[in-house]
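K.L.:
I'll drop the sequence and a predicted model, then ask my questions.
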Amino acid sequence: MMWPLLQREYHALQRDCWQLALVSYVPLLAALFLWWLFSAALPQQLAVAVVDEDHSSISRELGRAIAANSATRPVSYHDLSQAVAAMRSGEVFALVRIPYGLKRDLLTGHQPTLDLRYNGQFLLVGKLLSGQLQLTLADRLKALSRQRQLAAGVPPAQVDVQLTPIATQSTALFNRNMNYVAFLVPPILISLWQLVVMLSYANALSRELREQTLADCYRVGIIRVLAAKFLFYTPLMLLHGMLLQVFLYGYLGLPIAGNILWLLPAQLIMVLAVWLWVQAMFFVMADSARIISMCTGLFAPAFAFMGITFPTSDMPLLAQWWRALIPSSHYIESHVALVSHGQGLLALLQHSSSYLGFLLLLLPAWYFARRYGQALQPETAAKEAS
């Protein structure tokens, strides 16, 4: 008895051009566009304001060192206030001020202060520039200090000990090349895919309101109709989800430590959580525009709440509560566990236990669906009589 309902969804999909585009080529085009935006993999030639107040050979050498770094592009400013205004307006992302008397202080054994500022609103760009500029300036100043000490007759071994008494090495465990494609594109595409899943389910349910066929759904059996919609659209959504993973870790060759097939059950659980949200919103709101608006407002900040670019433990309590309501925030833990740590299916299922709270959405869905069915009983009875 489920087959006629599946055929009903198929014919409805053929009539709805927007829904057909949403489950076919729109997600693929959006994924390709986002990948193209980050295809450079590493940010290069980021504008950095350089204010040289010393105008010495050492300050010019520091400027050349900044220009030699592929991640930075120095832009000269004669006044600090102009450089600050340029950074606030977004013309440059960071600022380096070389103070007056830098060369004199270095030659006389004093410790000058280099003023380094970056725009913290650009989290990733600011962090990258902060690290790159500190390394560039420190390496160049160490080289100048080494030359001065060698010229003074200090033995090379002693110079190395004085400049670097403790040698340190930083090694990235899961993204050694600092590839922004591997770092940003997967969670962004997951957030986009979640929106596509939500919109597909919401449109499928809202169609019953637009075409005024909800009474027919109750007459046939609302649970069977809902099950048919879930069974019809879920394979299409999972197909898109796996195509994204194959594109990232198969075609692009991004590093992955585990078996990509184990992501399929994790994606299925996430899709089920999205379906529970949309189903609850449908019966509570009973309005097409409000369903889309509420679900979009809930899922839109999914990428920011994943904890990829900002640690979730440092988020405000309200943001952590909001994060717990978004299915992709739970899925990303399984994704990172498999891609970066190589964990197996059993560990992923343990991560999926955090989805249990979404089952509470069945309560408002059942309550308002029951009320809605009681309100439609006269209409349903009239149709049955006719």
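P.N.:
Done, it's in. Fair warning: this is a prediction, and the values are worked out from it, not measured in the lab. Numbering: from 1, shown residues only.

K.L.:
give the buried residues for the helix or strand harbouring residue 206.
P.N.:
Using DSSP states H and E, residue 206 falls within helix 180-210. Buried residues in helix 180-210, counted by 16 or more other C-beta atoms under 10 Å: 180-208. C-beta: built from backbone N, CA, C; applies to glycine.

K.L.:
average pLDDT for that helix, rounded please.
P.N.:
Summarised as a single mean, pLDDT over helix 180-210 is 90.

K.L.:
in the helix or strand that it is followed by, which residues are buried?
P.N.:
Note on helix 180-210: by DSSP H and E, the next helix or strand toward the C-terminus is helix 214-220. Residues of helix 214-220 classed as buried: 214-220 (neighbour count, 16+ other C-beta under 10 Å).

K.L.:
close enough to count as contact, residue 328 and residue 306?
P.N.:
Yes - between residue 328 and residue 306 there is a contact at 6.7 Å, judged by C-beta atoms under 8 Å.

K.L.:
give me the contacts around the one helix or strand residue 374 maps to.
P.N.:
In the assignment (DSSP H and E), residue 374 maps to helix 362-375. Helix 362-375 is contacted by residues 214, 218, 222, 276, 279-280, 282-284, 286 when judged by C-beta atoms under 8 Å, 6 or more residues apart in numbering.

K.L.:
and the residue nearest to residue 262 when sequence neighbours are not counted, its phi and psi?
P.N.:
Distance criterion C-beta to C-beta, 6 or more residues apart in numbering; nearest residue to residue 262, sequence neighbours excluded, is residue 345 at 4.9 Å. Dihedral angles of residue 345 (phi, psi; degrees, to the nearest 10) stand at phi -60, psi -40.

K.L.:
so which of the contacts of helix 362-375 are in strands?
P.N.:
In strands, judged by DSSP state E, none of these are found.

K.L.:
any idea how far residue 304 is from residue 223?
P.N.:
For residue 304, the distance to residue 223 equals 36 Å [C-beta to C-beta, to the nearest Å].

K.L.:
which one's more surrounded, the two?
P.N.:
Set side by side, residue 304 and residue 223 show more neighbours around residue 304, with 17 against 11, by other C-beta atoms under 10 Å.

K.L.:
which stretches of the chain form strands?
P.N.:
Remark: strands assigned in the chain by DSSP E are 46-52, 72-77, 94-98, 115-118.

K.L.:
pairing partners for the third one, with directions?
P.N.:
Looking back up the chat, that one is strand 94-98. strand 46-52 (parallel), strand 115-118 (antiparallel) (DSSP bridges).

K.L.:
got the buried residues for the last one?
P.N.:
Going back to what we said before, that points to strand 115-118. Neighbour-count burial for strand 115-118 flags 117-118 (criterion: 16+ other C-beta under 10 Å).

K.L.:
circling back to that earlier point, pLDDT of the helix holding residue 374, averaged?
P.N.:
Mean per-residue pLDDT for helix 362-375: 90.

K.L.:
buried residues, that helix. List them.
P.N.:
Residues 365, 368-369, 372-373 are the ones in helix 362-375 that count as buried (16+ other C-beta under 10 Å).

K.L.:
correct me if wrong: the residue nearest to residue 262 contacts residue 263.
P.N.:
No - using C-beta under 8 Å, residue 345 is not in contact with residue 263; the gap is 10.1 Å.

K.L.:
so those two - more neighbours on which side?
P.N.:
residue 263 (23 against 15).

K.L.:
now the more buried one: how far from residue 343?
P.N.:
Relative to residue 343, residue 263 is positioned 11 Å away (C-beta to C-beta).

K.L.:
same check, this time on residue 134
P.N.:
For residue 134 relative to residue 343 (C-beta to C-beta), the value is 35 Å.

K.L.:
more neighbours: which of these two?
P.N.:
Per other C-beta under 10 Å, whichever of residue 134 and residue 343 has more neighbours is residue 343, with 19 against 12.

K.L.:
just the CA trace of stretch 230-244, in PDB.
P.N.:
C-alpha atoms of stretch 230-244 as PDB (Å, rounded to 0.1, in the frame of the first residue of the first chain):
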ATOM      1  CA  PHE A 230      10.600  10.400   4.100                       C
ATOM      2  CA  LEU A 231      11.200   7.200   2.100                       C
ATOM      3  CA  PHE A 232      11.000   9.000  -1.200                       C
ATOM      4  CA  TYR A 233      13.300  12.000  -0.500                       C
ATOM      5  CA  THR A 234      15.800  10.400   1.900                       C
ATOM      6  CA  PRO A 235      17.700   8.400  -0.700                       C
ATOM      7  CA  LEU A 236      18.000  11.500  -2.900                       C
ATOM      8  CA  MET A 237      19.400  13.500   0.000                       C
ATOM      9  CA  LEU A 238      21.800  10.700   1.000                       C
ATOM     10  CA  LEU A 239      23.000  10.500  -2.700                       C
ATOM     11  CA  HIS A 240      23.800  14.200  -2.600                       C
ATOM     12  CA  GLY A 241      25.600  13.800   0.700                       C
ATOM     13  CA  MET A 242      27.800  10.900  -0.500                       C
ATOM     14  CA  LEU A 243      28.500  12.600  -3.800                       C
ATOM     15  CA  LEU A 244      29.900  15.500  -1.800                       C
END
